[in-house]
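>>> would you be able to build a 3D model of this:
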Amino acid sequence: MDARTTLRLLPWTSPEGKPWLLANASEGSYLSRLADETEDLQLSEGLEVLVAARKLLGDPLSPNVEVRYTAIRLSECLADALRVAESRGRRLPSSGDTSGG
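Predicted coordinates for the structure are as follows:
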């Protein structure tokens with residue numbers, strides 16, 4: 001790969017939990033579109049979990065098992081959101097990039 005090769009961090013991992021990268025991802029490619037749709041789904045699921053968590057955590061009588069489950073789901077959604085942020089951040093042009101192409 002040359003210096004102009006761009007790598008996109010995909011919103012899923014390998015079965016071994018390792019990151020998957022897409023080299024030279026074009027905006028319209030099937031895999032890029034699938035990754036975009038997956039990221040959107042992950043972020044909207046995170047919002048739904050957050051709304052439910054706030055309601056559950058606002059009730060001081062919530063059972064421990066439900067609070068624990070909510071914490072697990074929140075941590076999964078946070079991991080997804082951080083991965084999306086990292087992926088999208090990598091695709092932003094660098095402010096110091098003065099190359100013309």
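
>>> mind listing what's buried along stretch 68-85?
Neighbour-count burial for stretch 68-85 flags 70, 73, 74, 77, 80, 81, 83, 84 (criterion: 16 or more other CB atoms under 10 Å). Every residue, glycine included, has its C-beta placed from N, CA and C.

>>> for residue 49, give me the pLDDT.
Predicted confidence (pLDDT) at residue 49: the value is 97.

>>> make sure it is actually in contact with residue 77.
Yes: the pair residue 49 / residue 77 is scored as a contact, 4.9 Å apart, by CB atoms under 8 Å.

>>> ok, back up a step: mind putting the buried residues of stretch 68-85 into TSV with pLDDT?
Formatted as TSV, the entries for the buried residues of stretch 68-85 read as follows, by pLDDT from 0 to 100:
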residue	pLDDT
70	97
73	97
74	97
77	97
80	96
81	97
83	95
84	96
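
>>> looking at these, which is nearest residue 19?
Taking CB to CB as the measure, residue 19 lies nearest residue 83 of the buried residues of stretch 68-85, at 8.4 Å.

>>> surely residue 62 is within a strand?
No: remark: residue 62 does not belong to a strand; assigned using DSSP: H, G, I helix; E, B strand; the rest coil, it is coil.

>>> excluding sequence neighbours, find me the nearest residue to the residue nearest the centre of the chain.
Geometric centre of the chain, nearest residue: residue 84, 2.7 Å, by CA atoms, centre = their mean. What sits nearest to residue 84 in space, not counting adjacent residues and going by CB to CB, 6 or more residues apart in numbering, is residue 39, at 4.7 Å.
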